[in-house]
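Colleague: quick one, fold the following:
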Amino acid sequence: QVQLVESGGGLVQAGGSLSVSCAVSGSTASIKTIGWYRQAPGKQRELVVTISSDTNTNYGDSVKGRFTISRDNAKNTVSLQMNSLKLEDTAVYYCYLKARSRWYDPEADYWGQGTQVTVSS
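Modeller: This is a model prediction of the structure:
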């Protein structure tokens, strides 16, 4: 069973930096996409950034130039470095994975339980 476990997050002042990480455990025959989404109170879940198996990245417009995704294939982890944080970055950040558990399985979407990031003034 594929599981995503987030770590990091917390409280930071506006303009500060914070990082979150996600560790993938379980069988993953192939990973197509891994990354982060976020959901603020009363809002829909939105894309933060994803990175594909061919290392193409897709950043949400609101975080371009401030957030950076990195992936460690050997450790099966993905991290998100968040700089110049704004009040509107406050949200629960979810790790996301699109992968095949076994080579003959269809691709499936997996989500972590989320980690809270709060930016204060």
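
Colleague: which phi and psi does the spatially most central residue of the chain have?
Modeller: The chain has W36 as the residue nearest its centroid, 2.3 Å off, counting by Cα atoms, centre = their mean. Backbone torsions of W36, given as degrees, to the nearest 10, read phi -140, psi 140.

Colleague: any idea how far A29 is from it?
Modeller: According to Cβ to Cβ, to the nearest Å, W36 stands 22 Å off from A29. All C-beta atoms are positioned from the backbone trio N, CA, C, and that covers glycine.

Colleague: what do you get for Q113?
Modeller: Taking Cβ to Cβ, one finds Q113 at 23 Å from A29.

Colleague: what is the burial count for R100?
Modeller: R100 has 17 neighbours, counted by other Cβ atoms under 10 Å.

Colleague: show me the contacts for it.
Modeller: By Cβ atoms under 8 Å, 6 or more residues apart in numbering, the contact list for R100 reads 28-30, 32, 106-108.

Colleague: out of those, which is most surrounded?
Modeller: Busiest of the contacts of R100 [other Cβ under 10 Å] is T28, holding 16 neighbours.

Colleague: related to what we said a few turns ago, I69: which of the contacts of R100 is nearest?
Modeller: K32 (15.0 Å; Cβ to Cβ).

Colleague: look up which helix or strand the closest one falls in, please.
Modeller: Secondary structure from DSSP states H and E places K32 in strand 30-39.

Colleague: after that strand, which helix or strand is next? Please name it.
Modeller: Assigned by DSSP H and E, the successor of strand 30-39 is strand 46-52.

Colleague: now for that following strand, which elements pack on it?
Modeller: If you count contacts as 3 or more Cβ pairs under 8 Å, 6 or more residues apart in numbering; DSSP states H and E, strand 46-52 packs onto strand 30-39, strand 57-59, strand 67-72, strand 77-82.

Colleague: nice, that's everything, thank you.
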